[in-house]
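A.B. asks: pasting the structure only:
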């Protein structure tokens, strides 16, 4: 099961979906792609500093936006990530759980 925790300041993705073997798992690939795209957009396009933690052994990807003057733009990218993850969860509900947190 993949667990995604989303807030206005970032997100955390943990776990394996278990949908298929490594290298064949479309659920893990879709979630990973959405998370990496969002992290890159925040740091490279918006240009904000983020605390990013990656641990392939757990697996874990955590992205938290630092206080900045581009908060609204950051929230838009995080909302886009949320919408993408919700779409994946609708198609594969037994492999993905989403939690929304207040910060």
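C.D. replies: Received the coordinates, thanks. Every value quoted in this text rests on a predicted model; they were computed, and no experiment measured them.

A.B. asks: which secondary structure elements does the helix or strand that contains residue 39 contact?
C.D. replies: Residue 39 belongs to helix 26-40 when assigned by DSSP states H and E. Contacts defined by 3 or more Cβ pairs under 8 Å, 6 or more residues apart in numbering; DSSP states H and E place helix 26-40 against strand 2-7, strand 10-14, strand 60-65, helix 71-91. For every residue, glycine as well, the C-beta is placed using N, CA and C.

A.B. asks: what comes into contact with stretch 27-40?
C.D. replies: Contact with stretch 27-40 is made by 2, 4, 11, 13, 16-17, 19-20, 22, 50, 52, 61, 63, 77-78, 80-81, 84-85, 88, 92, 95-96, as judged by Cβ atoms under 8 Å, 6 or more residues apart in numbering.

A.B. asks: go with 7 Å
C.D. replies: 2, 13, 16-17, 19, 50, 52, 61, 63, 77-78, 81, 84-85, 88, 92, 95-96 (Cβ atoms under 7 Å, 6 or more residues apart in numbering).
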